[in-house]
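Visitor: predicted model and sequence below, questions to follow.
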Amino acid sequence: MAKGDSDPVAVSAYASFAERYDALAPIKPHNALYERPASLELLGDVTGLNILDAGCGSGICSEKLARSGARVSAFDITPEMLALARQRCAGLDVDIRLGNVERALDWLADGSFDRILCSLALDYVEKLEPVFAEFHRVSCPGGWLVFSMGHPMRDWQDTRTRGTKTYFETNRWGMHWGGFGEPNPYVESYRRPLGDILNGLADTGWTLDRFVEPLPAPEMEMVDPRHFAELSLAPAFIGVRAHK
């Protein structure tokens, strides 16, 4: 059995470089000037709202949401990330717990949240429908779900990502990540077709409201011109907003 095969993918992915991730992700262009602004724009004004930050990592979005006037409940599966999230969100209206997005969120009551954010966490989940169903349960009537993921077609075009599978199959793959210092962490995730994502939403009661293939923020051209040009040509992520 390969290393990490018996553990949830996210734990194996992030435990080894949590502190490096926490130090760099707030300013790393792919995060700070690309995915995060797109996700937060989909989430909209959160003042006075109850927000669930599912797969919160080191609490970067949780902090931003709390400072924007939201009451935040957050969870993550990686203890090393949770410790950093508690430091980052100390003194803010953020409740942080250990939790697995692939399991029942049994500490959360039905209809608890106005909005749910799941930023770049679903790539580490093999089966999406149970997750979407649980998000639907804890969302209030009219609530929003906002999530971001790797772009299915971008991932399909990379032979390292798709392996020997067809586009229509879900497959687990991994690679060494650059941009977070040495040693380069080995991170595994899942690649899947777009239809499985959108149909999984519909089959669990969600109504698609907005589908975004984001462009990089203009400021990214100055700090990371190579990736700005790349992301201006083709997207790396998708952003989705759905309503209950």
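Guide: Nice, thanks for sending it over.
Visitor: just checking, what's the longest strand in this protein?
Guide: strand 139-150 (DSSP state E).
Visitor: just give me how far that strand sits from the chain centre.
Guide: 12 Å (Cα atoms, centre = their mean, to the nearest Å).
Visitor: quick one: mean pLDDT over that strand.
Guide: For strand 139-150, mean pLDDT rounds to 98.
Visitor: partners of that strand in the sheet?
Guide: strand 113-119 (parallel), strand 237-243 (antiparallel) (DSSP bridges).
Visitor: got the contact list for that strand?
Guide: Contacts with strand 139-150, where a contact means Cβ atoms under 8 Å, 6 or more residues apart in numbering, come from 35, 38-39, 42-44, 50, 111-123, 132, 135-136, 189, 191, 197, 201, 206, 209, 236-244. For every residue, glycine as well, the C-beta is placed using N, CA and C.
Visitor: give me the buried entries from those residues.
Guide: By neighbour count, with 16 or more other Cβ atoms under 10 Å, the contacts of strand 139-150 hold 35, 38-39, 42-43, 50, 112-123, 132, 135-136, 189, 191, 197, 201, 206, 236-242, 244 as buried.
Visitor: and Trp173, what helix or strand is that in?
Guide: In the assignment (DSSP states H and E), Trp173 maps to strand 171-176.
Visitor: show me what the next helix or strand after that strand is packed against.
Guide: The C-terminal neighbour of strand 171-176 among helices and strands, as given by DSSP H and E, is strand 186-191. Identification of packing neighbours for strand 186-191 by 3 or more Cβ pairs under 8 Å, 6 or more residues apart in numbering; DSSP states H and E yields helix 9-14, helix 152-157, strand 171-176.
Visitor: of all these, which lies closest to Met220?
Guide: Shortest distance between Met220 and those, using Cβ to Cβ, is found for helix 152-157: 17.2 Å.
Visitor: any idea how far the next helix or strand along the chain from the closest one is from the chain center?
Guide: As assigned by DSSP H and E, the chain's next helix or strand after helix 152-157 is helix 159-162. In terms of Cα atoms, centre = their mean, the centre of helix 159-162 is found 21 Å from the chain centre.
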